[in-house]
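Enquirer: Requesting a structural model of the entry that follows:
(one chain, ligands or ions: 2)
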Amino acid sequence: MHSTKVVLLACGSFNPPTNMHLRMFEIARDHLHRLGNYVVIGGLISPTHDSYGKSGLESSTHRLEMLRLAVLTSNWVKVSDWECRQDNWSRTRLVLQHHQNTLNSLLNSNNLNNINEDDLKWIPENIRKECTGPVQVKLLCGGDLLESFAVPNLWHEEDIAAIVGQHGLVVITRENSNPLKFIYESDLLTRYMANIIIVTEWIRNEISSTRIRRALRRSESVKYLIPDIVINYIHTNGLYGSKAEKYIEFPPLQQSTIFLTPSPSDVVIESTSPVSNSCAAICGAALFNPQSINNNNKNLSIDTVDNILNNSLKRPGQAVKVITEESGKHKVIRNNMGEVCDVKKKQISASKSCTDFNVSTKEQNKEHLHASESYMDLKASKNCDENLIKFIFTNHGIQVISDFETIV
Ligand SMILES: Nc1ncnc2c1ncn2[C@@H]1O[C@H](COP(=O)(O)OP(=O)(O)OP(=O)(O)O)[C@@H](O)[C@H]1O
Ligand SMILES: NC(=O)c1ccc[n+]([C@@H]2O[C@H](COP(=O)(O)O)[C@@H](O)[C@H]2O)c1
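Expert: Ligands and ions are numbered 1, 2, ... in the order given. Here you go, the predicted structure:
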């Protein structure tokens, strides 16, 4: 069966854009596809010109930017700045005609040279590259916009006839609107009824830009009503009288425990899971770093290790990564509690990289290293990261976490 290719165009203030503006496209596409004789190949948002004259209308620069951010999560809805680039406000009929003509020119590949590059930006890649045949630009709107057709002197009758007759209308039901009744009561709309598709939105969502602006003015949260990235933009630019956020985001660590009220009998044990930024990586530090070794022109001593342990490890639960040797052996370097080790004499010779750490060094020093070192067999691995072993310092000693777990 032949399907009509459709681009849905929504016009409005988008002051600011809301999740519902984006949802409209999804709802409409689903519905049109369900009807079976349409295939939606693109969606377009065309914000109105600054001179539209609605009170509290933010500048088109900001509205366009918010829309561009809002549609980042959509792979088929684009923003057209054509209306905003005009010298004056354009009637919706002209907006539809302009975009229809541009598409026709592109698809017929005739007058491409006459098209401004900015006018092509809104055309989705798939249409630019693959699309053939006629594409119809339909007006996508909410029930309230349809009902505004009845507001005296707001719309020209011939414009309504052209919009509905030549392009077609997809209307999403909205609180306090009754599109079917409205069409029934209009002779003009009844005449073009075949071109008006009414989509009942069963998942009612009465987000409106007016309500969002109100909430912003009152420093109330608008999270989950408009995209986070748009909220950030609004706050950064101080739009809609929004002040600093009333609610402070907790850093991730606090977030997980903030609602847990400890009972007096609770014993608070810090997590033994290594957190990346509290993990002292000996491998990445000076110990096996040939450059720092060469620069200082000396071999690294166990002191360095001790230093790292002492300065970097502040509490049980922190982890230390220690490099293993290529041989498959690795060295666990630690101070036994209270024991004064004669480690200064023990030198670990410089190695060129993590992986070519000299095995013989370990063998050389083996006899000097007592309780402060232990040896383990590990599978040989070639690169530095594979050779990393994590030590967990707990209240009960040191735990080595690796492919296998061992208490040392
Ligand atoms: N919750 C909604 N349900 C259905 N359609 C909606 C909804 N919100 C907006 N629309 C439609 O989106 C289009 C653009 O809307 P507009 O920018 O005027 O947003 P709005 O939320 O109606 O704004 P305002 O509250 O400032 O009037 C219009 O066709 C409008 O009917
Ligand atoms: N005569 C017309 O073409 C006409 C009249 C009123 C509104 N409109 C358009 O309808 C949209 C209405 O947006 P708002 O709901 O934000 O007012 C705007 O894009 C506006 O340009 C068109």
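
Enquirer: in what helix or strand does Asn153 lie?
Expert: Assignment of secondary structure by DSSP states H and E places Asn153 within no helix or strand.

Enquirer: For whichever residue of the stretch 151-300 of the chain sits closest to ligand 2, which three-state class applies?
Expert: With Cβ to the nearest ligand atom as the measure, the residue in the stretch 151-300 of the chain that lies nearest ligand 2 is Trp155; the distance is 4.2 Å. No exception for glycine: its C-beta is placed from N, CA and C like everyone else's. The assignment at Trp155 comes out as coil when based on DSSP: H, G, I helix; E, B strand; the rest coil.

Enquirer: Just give the nearest non-adjacent residue to it, would you?
Expert: In space, and not counting its chain neighbours, Trp155 is closest to Phe149: 5.3 Å by Cβ to Cβ, 6 or more residues apart in numbering.

Enquirer: Quick check: that neighbour touching Ala161?
Expert: No. Taking Cβ atoms under 8 Å as the contact criterion, Phe149 and Ala161 are not neighbours in contact, 10.7 Å apart.

Enquirer: of these two, who's got more company?
Expert: More neighbours sit around Phe149 than around the other of Phe149 and Ala161, counting by other Cβ atoms under 10 Å; the figures are 19 against 15.

Enquirer: residue contacts, the more buried one?
Expert: Residues touching Phe149, when contacts are defined by Cβ atoms under 8 Å, 6 or more residues apart in numbering, comprise 155, 160, 186, 189.

Enquirer: ok, those residues vs Leu64, which is closest?
Expert: In terms of Cβ to Cβ, no member of those lies closer to Leu64 than Trp155, at 24.5 Å.

Enquirer: and stretch 125-138, does that touch ligand 1?
Expert: No. Residues of stretch 125-138 are not located near ligand 1 by Cβ under 6 Å from any ligand atom, the shortest gap being 12.5 Å.

Enquirer: buried residues in that stretch?
Expert: Counting neighbours by 16 or more other Cβ atoms under 10 Å, one finds that the buried residues in stretch 125-138 are 127, 131, 135-138.

Enquirer: Equivalent analysis for stretch 165-180, please.
Expert: Neighbour count says stretch 165-180 has 167-174, 177, 179 buried, by 16+ other Cβ under 10 Å.

Enquirer: now swap in stretch 68-79 and tell me
Expert: By neighbour count with 16+ other Cβ under 10 Å, stretch 68-79 contains the buried residues 68-71, 76-79.

Enquirer: how about JSON lines for those, with distance to Tyr52, pLDDT and secondary structure added?
Expert: Formatted as JSON lines, the buried residues of stretch 68-79 follow (distance: Cβ to Cβ, whole Å; pLDDT from 0 to 100; DSSP: H, G, I helix; E, B strand; the rest coil):
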{"residue": "Arg68", "distance to Tyr52": "19", "pLDDT": "98", "secondary structure": "helix"}
{"residue": "Leu69", "distance to Tyr52": "21", "pLDDT": "98", "secondary structure": "helix"}
{"residue": "Ala70", "distance to Tyr52": "19", "pLDDT": "98", "secondary structure": "helix"}
{"residue": "Val71", "distance to Tyr52": "21", "pLDDT": "97", "secondary structure": "helix"}
{"residue": "Trp76", "distance to Tyr52": "26", "pLDDT": "95", "secondary structure": "coil"}
{"residue": "Val77", "distance to Tyr52": "21", "pLDDT": "96", "secondary structure": "strand"}
{"residue": "Lys78", "distance to Tyr52": "21", "pLDDT": "95", "secondary structure": "strand"}
{"residue": "Val79", "distance to Tyr52": "17", "pLDDT": "96", "secondary structure": "strand"}
